[in-house]
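Structure for this input, please:
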Amino acid sequence: MLPLLAACAATGPTRGPEATPRADARPAEVTLYRDTLTARFDDGQLCAAPRPGRSGGWSGAFIGCAHPWQAVVATPTTRPRQPLRRGGAGVTLTPPEGAGESWGAQPGM
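Purely as a prediction, here's the structure:
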């Protein structure tokens with residue numbers, strides 16, 4: 001998982017116009033892994049917030065993209081991959097201007 005994050009951080013947003021960062025971009029898809037939270041923004045940017053420790057909830061900033069959002073994971077997952085939906089509970093994503101968005105497990109997941 002860490003080599004993948006390192007590769008994402010090293011390459012940055014270089015894939016065509018859809019990967020050009022926009023200041024008003026919002027998360028479109030969010031996935032929680034055991035050690036990482038990823039968000040694909042509606043401008044094509046893929047961001048990752050690595051888990052700094054091994055136990056309990058955690059928080060951190062997105063890396064590997066141009067969006068300086070903060071992520072707070074109140075409810076970590078033990079699943080290898082947990083797709084999230086907007087409006088759920090367990091994860092809060094906060095842009096620099098401060099109005100956080102809640103994300104949580106998709107129904108049936």
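
Please make it C-alpha for all contacts and neighbour counts, starting now.
Fine.

for this structure, which spans come out with low pLDDT?
Applying pLDDT under 70 to the chain flags residues 1-19, 108-109.

quick one, strands of it?
27-33, 36-41, 46-50, 58-61, 70-73, 81-86, 90-94, 101-105 (DSSP state E).

The fourth one packs against which elements?
Right, strand 58-61. strand 46-50, strand 70-73 (3 or more Cα pairs under 8 Å, 6 or more residues apart in numbering; DSSP states H and E).

Repeat that for the fifth one.
Counting by 3+ Cα pairs under 8 Å, 6+ apart, the packing neighbours recorded for strand 70-73 are strand 58-61, strand 90-94.

I'd like the ones you listed as JSON lines, with distance to residue 84 and mean neighbour count appended.
Output for the helices and strands packed on strand 70-73, formatted as JSON lines (distance: least, Cα to Cα, whole Å; neighbours: other Cα atoms under 10 Å):
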{"stretch": "strand 58-61", "distance to residue 84": "16", "mean neighbour count": "18"}
{"stretch": "strand 90-94", "distance to residue 84": "9", "mean neighbour count": "21"}
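
so can I have a markdown table of the ones you listed showing distance to residue 67?
Shown next, in a markdown table, are those (distance: least, Cα to Cα, whole Å):
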| stretch | distance to residue 67 |
| --- | --- |
| strand 58-61 | 9 |
| strand 90-94 | 10 |
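
do you know which of the ones you listed lies nearest residue 43?
strand 90-94 (16.4 Å; Cα to Cα).

elements contacting that closest one?
Strand 90-94 packs on strand 70-73, strand 101-105, going by 3+ Cα pairs under 8 Å, 6+ apart.

closest one to residue 45 among those?
For the helices and strands packed on strand 90-94, the distance to residue 45 is smallest for strand 70-73, at 15.1 Å, taking Cα to Cα.

With just CA atoms, put the closest one into PDB.
Provided in PDB are the C-alpha atoms of strand 70-73 (Å, rounded to 0.1, in the frame of the first residue of the first chain):
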ATOM      1  CA  GLN A  70      -8.400  17.300   6.300                       C
ATOM      2  CA  ALA A  71      -9.800  13.900   7.000                       C
ATOM      3  CA  VAL A  72     -11.100  12.600  10.400                       C
ATOM      4  CA  VAL A  73     -11.800   8.900  10.700                       C
END
